[in-house]
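Novice: Please work out how this folds:
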Amino acid sequence: MKHQQFIIQGKVENTGFRFYAFRGASILGIRGFVKVSEGQIIVEAEGEDSKLTDFDEWCRRGPDGSSVESVICNDKEYIGYEDFKIL
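Specialist: Residues are numbered from 1 along each chain as shown. Next up, the predicted model:
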């Protein structure tokens with residue numbers, strides 16, 4: 001299991017991106033949370049390497065109406081989240 005932080009920038013506010021991330025996390029079995037901070041989406045995600053790679057691709061697509069300009073991915077220390085939440 002691995003922990004990654006995704007910082008998603010672009011036209012991502014008011015596009016349903018947090019719910020989109022929640023849906024992707026549910027499909028892929030990712031645990032952690034998603035929130036909006038200073039005009040960008042922050043996701044803390046934990047899961048298997050292959051699932052995190054799939055989740056990264058999911059986030060880069062974004063929901064309809066969004067325009068993802070960049071996704072910054074940082075490895076973090078594993079915490080052990082039990083579920084995925086929208087904050």
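Novice: Quick test: name the residue nearest the centre of the protein.
Specialist: residue 43 (4.0 Å; Cα atoms, centre = their mean).
Novice: Is it correct that that residue is in contact with residue 6?
Specialist: Yes. Between residue 43 and residue 6 there is a contact under Cβ atoms under 8 Å: 4.2 Å. In this view, the C-beta of every residue, glycine as well, is placed from N, C-alpha and C.
Novice: re earlier: helix, strand or coil: sort out the residue nearest to the centre of the chain for me.
Specialist: With DSSP: H, G, I helix; E, B strand; the rest coil as the basis, residue 43 sits in strand.
Novice: contacting residues for it?
Specialist: Residue 43 is in contact with 5, 6, 8, 21, 32, 33, 34, 59, counting by Cβ atoms under 8 Å, 6 or more residues apart in numbering.
Novice: Now render the residues you listed as a markdown table, adding distance to residue 47.
Specialist: Shown next, in a markdown table, are the contacts of residue 43 (distance: Cβ to Cβ, whole Å):
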| residue | distance to residue 47 |
| --- | --- |
| 5 | 13 |
| 6 | 12 |
| 8 | 17 |
| 21 | 13 |
| 32 | 8 |
| 33 | 13 |
| 34 | 14 |
| 59 | 13 |
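Novice: any shared contact partners between residue 43 and residue 6?
Specialist: Jointly contacting residue 43 and residue 6 under the rule Cβ under 8 Å, 6+ apart are residue 59.
Novice: okay, the residue of the chain positioned farthest from its centre: pLDDT?
Specialist: Outermost residue of the chain with respect to the C-alpha centroid, by Cα atoms, centre = their mean, is residue 65; its distance is 16.9 Å. Residue 65 carries a pLDDT value of 92.
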